[in-house]
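Participant: Build me a model from this:
(2 chains)
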Amino acid sequence: MKITDAAVFPYPNGDTSVRRFALEAAALGFDSLVAIDTPSATYGDVEVRSGVLFFDLPVRDIVNRVKRYRETDAVISVKAGDAGFNRAVIGMKGIHVLRALHDADKKGFDHVSARMAADNNVAVDIDLSVITKTRGIARQRAIARYRDILVLEQRFEFPLTLSTYARSVLDLRAVREFTGLCSLLDMDISLVEKALGGVGTVTTPPTPAVRVVA
Amino acid sequence: MTVRPPTLRDKRRYVLVRVEPAGTPLEQKDLYYAIADAITSLYGDAAAAIMIQAVVAAEGDYVFIRCRRGVERELATALSTITACRDTRIALRIIAASGTMEGLRKRIRTKTATEPGAESADACTFDSKTFTPVYCTGQKVDVIEKGFKNTHRFFLTTEDLETK
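Facilitator: Numbers count the residues shown, from 1 in each chain, chains lettered A, B, ... in the order given. Just a heads-up that it's a prediction; the model follows:
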C-alpha cells in the first residue's frame, strides 16, 4: 500500500515544481502523489501519478473526456454536484475519485450514491485544505459534511482518499498531521491508513472472482 | 502569587517546530498570536485555556512552543492549520516534542545554505522566465521572479533550473 496525497497542483497551477513536491513529500512520509495535469514520473522514491480533474462539466462531456484517458494510468476525478450528477458520475466506467463533496449539494451524496460508490469502486475524497485554510462557519460545515459521509462509509465501505490540494509546498502536510486533522472528523488511525492507500485501491484493476487455471 | 514548589507545578512539554520557507523573518509575538488564533478557532477558548501554549524561543528557522503535558497532539493539529503569520505565508513543520528544551536542541539540524541576501547574483531560468535564487539547500532552490514588483516565491529544485 502506497501512502498517497490524492491531489497536488504543481507549476504552472501552483508555485512549486513537481520535482520539489516529490522531494518534500518524501520528507513528509509519502510514497506517491497525484499531480493534477502533470505527466506521470518517479522522482527519487516518490511516484508521481498523473491526475485529471473534471469540474463544471455536464455528464455528457465527462463521458466523452473520460474515454480519452481510459487507456492511460491517469487518476480521473470529478468535482461533485447534485444527487443526479453524482449518481451518473459514480456509475460511469473509468472514474476513480469523486471530489469536493463538502462544497456540493447537501443531499448530493446519500445512501444510494454510497452503495453505488462501493459497488463501482469509486473513492470519495476528503479535502484537508478546507480544514487547514478556512476558519469559522465554512470549516464547521465541511467537518459536519465529512462526518456525515464517514457515517455512510462505515455502513457501505466505499473507498476514501485524502488530499491536501496543495498549490505550494507550504500547503503540504506530513502523514502524522493528516492523522491529527482526520481525528477532527472522528477517523481512527486504521481508517486514515486505509484512506491514504485509497488511490491504489481504486486504480488497481479488480481481481476476477473466477480464475481459469488451464 | 508565590511560586509553587516543583512537585505542585503543572507538567509542561516543549514542541520543536521548523518554520518554512526557510529564512522567513518572524516576530515571536506574531507567531504567538497566529498559534493562539489557530487553537482558539479549532478547539475553542476552553481548550486553549487548558493548553496554555507559549512561544518560548526562536533559534533561526526553529521555534520552541510550550504547552501543558498531554495536549501535544491537539497542539500539533492546531499548528498544522497555520498557513500565514501577519500576511506572510508560512508552514510549521513539527519536528519533535520533549520535556526539556535541551532535549529538543539536539534535534536542530544546522544546514549550510545560501542565506537570503547573500545569494549569488546569477540569475537562473525556469520555464523561459528569469528568476533570482533567494535560498538554496541541498537540491532545494527557492527563487523569486526578476522584476521589482513581483516578490512571489517559487519552490524549485536544482534539476528544474535550466541555467544556474
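Participant: by contact count, what packs against the helix ranked longest in chain A?
Facilitator: Secondary structure of chain A per DSSP state H: the longest helix is helix A:137-156. If you count contacts as 3 or more CB pairs under 8 Å, 6 or more residues apart in numbering or on different chains; DSSP states H and E, helix A:137-156 packs onto helix A:111-120, strand A:123-127, helix A:129-133. From N, CA and C alone the C-beta is placed, and that goes for glycine too.
Participant: who touches the longest one?
Facilitator: It refers to helix A:111-120. Helix A:111-120 has contacts (CB atoms under 8 Å, 6 or more residues apart in numbering or on different chains) with A:83, A:86-87, A:90-91, A:95, A:98, A:122-124, A:152-153, A:155-159.
Participant: picking up where we left off before, okay, the angle between the longest helix of chain A and helix A:111-120?
Facilitator: 60 degrees (axes from the mean of the first three to the mean of the last three CA atoms, to 10 degrees).
Participant: Which parts of the chain are helices?
Facilitator: Reading this off chain A. Under DSSP H, chain A gives helices at A:18-27, A:59-69, A:83-90, A:111-120, A:129-133, A:137-156, A:175-183, A:189-196, A:198-203.
Participant: Wait, chain B was what I had in mind.
Facilitator: Assigned by DSSP H, the helices in chain B fall at B:28-43, B:45-51, B:72-79, B:101-105.
Participant: Packed most tightly, which of the ones you listed would that be?
Facilitator: Looking across the helices of chain B with neighbours counted as mean count of other CB atoms under 10 Å in any protein chain shown, the highest average goes to helix B:72-79: a mean of 22.
Participant: hmm, that helix in reach of chain A?
Facilitator: Yes. Applying CB under 8 Å from any CB of the partner chain, one finds helix B:72-79 touching chain A at B:73, B:76-77.
Participant: packing partners for that helix?
Facilitator: Applying 3+ CB pairs under 8 Å, 6+ apart, one finds that helix B:72-79 makes contact with helix A:175-183, strand B:12-20, helix B:28-43, helix B:45-51, strand B:62-68, strand B:91-98.
Participant: how about the ones you listed in a markdown table, adding distance to B:Val134 and mean pLDDT?
Facilitator: Shown next, in a markdown table, are the helices and strands packed on helix B:72-79 (distance: least, CB to CB, whole Å; pLDDT from 0 to 100):
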| stretch | distance to B:Val134 | mean pLDDT |
| --- | --- | --- |
| helix A:175-183 | 26 | 96 |
| strand B:12-20 | 13 | 95 |
| helix B:28-43 | 21 | 95 |
| helix B:45-51 | 35 | 95 |
| strand B:62-68 | 19 | 96 |
| strand B:91-98 | 17 | 95 |
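Participant: Alright, I will stop here.
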